[in-house]
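Chemist: pasted the sequence and its predicted model underneath.
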Amino acid sequence: MIIDSHTHLFPPDMRRQRERYFANEPSFENIYSSEKAKMVGAETLIKAMDTCGVDRSVVFGFPWHSAEHFQPHNDYILEAVARFPDRLIGLCCLDAVHPRAETEVKRCLESGLRGVGELAFYGQGLNQGCLDALAPIMALCRTYQWPLMLHVNEPIGHRYPGKAPLTLGQIHTFVTTFPDNDLVLCHWGGGLFFYGLLKKQLPEDLRRVYFDTAASPYLYQPAVYRIATEIVGAEKILLGTDFPLLPVSRYLAEIEASQLPPEAVTAIAGQNAKRLFRI
């Protein structure tokens, strides 16, 4: 089974008239102002899944600041999952610091979405205010026993749209603040997994943390799959493409090039996500 744990869907109006949504949404404008930044709907994703042999995809929207944007976007995710229940797994996405965030997350989880994400704090990084805002959302995730997915990125290296001003210390503090939640750190967790080599504290801190591979061909050499498997174990890695950024074939080729054992490939490609999202 192949499960893509990281894909983005947008409703028709957002795809047709993206510029209408730039006002008071600087992160959205930063990432999607270029027409090269693709936006797709559920039908396009399903066709791509059929072409590439993907069995299931985890789908979500964008962490909009405005409830006028995140609520209808979450509604679209709910509709997509209802249309393709055997193919799509939906997450609730929004700005975690919005006053209505807790209410919206509860609505979405009660309606059948299987977690929260991809949340992001593009402008400020993970400061204490962000952690405080996340607390009630994390409590809901624990109640419903679903994971939370967080956008994180490497704190050094080249710049690109959507790269947040994060530090490894902030990412680690996030993990240790919510030790009883299942967490997915996107984009290889900004490199946090490397510190799984430490003898003390970090291995235990990462006990309920997964790392997805989204955008990996743009960020890391293929050897990252082998190295991450050696450090934290294949059971902690989720195949995620950031579709429509890249097709799943790019990732599967890199996984093959890393020469992992077959059981590790099977775990990364789908078995870990199958367990996490209770498929």
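Modeler: Noted; the coordinates are in hand. Numbers count the residues shown, from 1 in each chain.
Chemist: so the residue of the chain positioned farthest from its centre: helix, strand or coil?
Modeler: Relative to the mean C-alpha coordinate of the chain, counting by Cα atoms, centre = their mean, the farthest residue is residue 199 (28.1 Å). Assigned by DSSP: H, G, I helix; E, B strand; the rest coil, the conformation of residue 199 is coil.
Chemist: and the gap between the most centrally placed residue in the chain and residue 17?
Modeler: Note on the chain: the residue nearest the mean C-alpha position is residue 118, at 4.3 Å, using Cα atoms, centre = their mean. Distance of residue 118 to residue 17, given as Cβ to Cβ, to the nearest Å: 23 Å. C-beta: built from backbone N, CA, C; applies to glycine.
Chemist: do the same with residue 274
Modeler: 37 Å.
Chemist: repeat that for residue 41.
Modeler: Separation of residue 41 from residue 17 (Cβ to Cβ): 14 Å.
Chemist: rewinding a little: who does the host helix or strand of the residue nearest to the centre of the chain touch, helix- and strand-wise?
Modeler: For residue 118, the host element (DSSP states H and E) is strand 116-119. Packing partners of strand 116-119 (3 or more Cβ pairs under 8 Å, 6 or more residues apart in numbering; DSSP states H and E): helix 101-110, helix 128-144, strand 148-150.
Chemist: ok, 7 Å please
Modeler: With contacts taken as 3 or more Cβ pairs under 7 Å, 6 or more residues apart in numbering; DSSP states H and E, strand 116-119 sits against strand 148-150.
Chemist: what comes into contact with the strand it packs on?
Modeler: 91, 115-119, 137-138, 141, 174, 181, 183-186 (Cβ atoms under 7 Å, 6 or more residues apart in numbering).
Chemist: closest one of the residues you listed to residue 79?
Modeler: residue 91 (14.2 Å; Cβ to Cβ).
Chemist: look up how far residue 107 lies from the closest one.
Modeler: From residue 91 to residue 107 the distance is 13 Å (Cβ to Cβ).
Chemist: so which of those two has more stuff around it?
Modeler: residue 91 (28 against 16; other Cβ atoms under 10 Å).
Chemist: what pLDDT does the closest residue to residue 18 other than its chain neighbours get?
Modeler: Counting by Cβ to Cβ, 6 or more residues apart in numbering, residue 32 is the residue found nearest to residue 18 once chain neighbours are left out, at 5.6 Å. On pLDDT, residue 32 comes in at 97.
Chemist: count of neighbours near residue 201?
Modeler: By the measure other Cβ under 10 Å, the count of residues near residue 201 is 11.
Chemist: can you report phi and psi for it?
Modeler: phi 70, psi -60 (degrees, to the nearest 10).
Chemist: just the pLDDT at it, thanks.
Modeler: Per the predicted model, pLDDT is 94 at residue 201.
Chemist: from residue 208, how far off is it?
Modeler: For residue 201, the distance to residue 208 - Cβ to Cβ - is 15 Å.
Chemist: ramachandran coordinates for residue 258?
Modeler: Torsion angles, degrees, to the nearest 10, at residue 258: phi -80, psi -10.
Chemist: wait, it touches residue 225, no?
Modeler: Yes: using Cβ atoms under 7 Å, residue 258 makes contact with residue 225 at a distance of 3.9 Å.
Chemist: which residues of this structure fall in strands?
Modeler: Here the chain has its strands, by DSSP state E, at 3-8, 56-60, 88-90, 116-119, 148-150, 183-185, 209-212, 237-238.
Chemist: got those strands as TSV, with mean pLDDT and distance to residue 28 columns?
Modeler: Formatted as TSV, these follow (pLDDT from 0 to 100; distance: least, Cβ to Cβ, whole Å):
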stretch	mean pLDDT	distance to residue 28
strand 3-8	98	12
strand 56-60	98	14
strand 88-90	98	20
strand 116-119	98	13
strand 148-150	98	18
strand 183-185	98	22
strand 209-212	98	21
strand 237-238	98	25
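Chemist: more crowded one of residue 258 and residue 225?
Modeler: residue 225 (27 against 19).
Chemist: about what we covered before: between residue 274 and residue 17, who's got more neighbours?
Modeler: Each of residue 274 and residue 17 has its neighbours counted (other Cβ under 10 Å); residue 274 has more, 14 against 9.
Chemist: now do the contacts for the more buried one.
Modeler: Residue 274 sits in contact with 1, 3, where contact means Cβ under 7 Å, 6+ apart.
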